[in-house]
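[1] Quick one: sequence plus predicted model below, questions after.
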Amino acid sequence: MTNRAPGPTFDEALLLIGRLNYTWTNTESLLVHIIAGLARTDKDTAVVIFLTLNTMRARVDLVERLAKLDRTPAADRARILAATRTLVRLSAPRNRYNHSLYAFDPDSGNVRTILMRIADRKDGIKVGQSTDLDAAAMQEIRGVIDELADLNREIWSIIRDLGYPQ
């Protein structure tokens, strides 16, 4: 019988990653309302714009550029830009876990991520960086989920306070 190291089970890890992705998607989709308000259009048009821009970075760039127009009051601009900065910051851990494969050692039960990105180096490339998904990593994911939940509430507050289409 193998002693299993303390840490998350494979199912616990996958459930937490799923929660991270759900929370992320739910929060990023709120940019639709910000786009509608800043572009002075209706929500349906903003949905088309949002879906046409197929990356989070493109959507954030649009929101930030619209917020920086002279017609946006400075206080509103500051709130919106603070929200987008937080979203961009949280995208790093979200992307790390979203763009990975997950594996587990059936003997030890240890879960690990295998990053599905190419890292260009000076004289070569590196692929498949592997990281243990241990208790500390799980806590980091929980922290990102909590920050996304806070950001979600802040963005809804911005939408309501500024009277943007809901």
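    Here it is on my side, so go on.
[2] Please compute how far stretch 68-75 lies from its chain's middle.
    Counting by C-alpha atoms, centre = their mean, to the nearest Å, stretch 68-75 is centred 26 Å from the centre of its parent chain.
[3] Name the residues of it that come out as buried.
    By neighbour count on 16 or more other C-beta atoms under 10 Å, the buried set for stretch 68-75 is Thr72. (Glycine included, C-beta is placed from N, CA and C.)
[4] give me the number of residues near Ala78?
    Ala78 has 12 neighbouring residues, counting by other C-beta atoms under 10 Å.
[5] same for the helix or strand it falls within, what does it pack against?
    Taking DSSP states H and E as the definition, one finds Ala78 inside helix 74-98. Helix 74-98 sits against helix 10-28, helix 31-39, helix 56-67, strand 111-115, helix 135-161, with contacts defined as 3 or more C-beta pairs under 8 Å, 6 or more residues apart in numbering; DSSP states H and E.
[6] Return the angle between stretch directions for that helix and helix 10-28.
    150 degrees (axes from the mean of the first three to the mean of the last three C-alpha atoms, to 10 degrees).
[7] List the buried residues for helix 74-98?
    Result for helix 74-98 [16+ other C-beta under 10 Å]: buried residues 76-77, 79-81, 83-84, 86-87, 90-91, 93-94, 96-97.
[8] Low-confidence regions, this structure specifically.
    1-8, 108-109, 114-117, 128 (pLDDT under 70).
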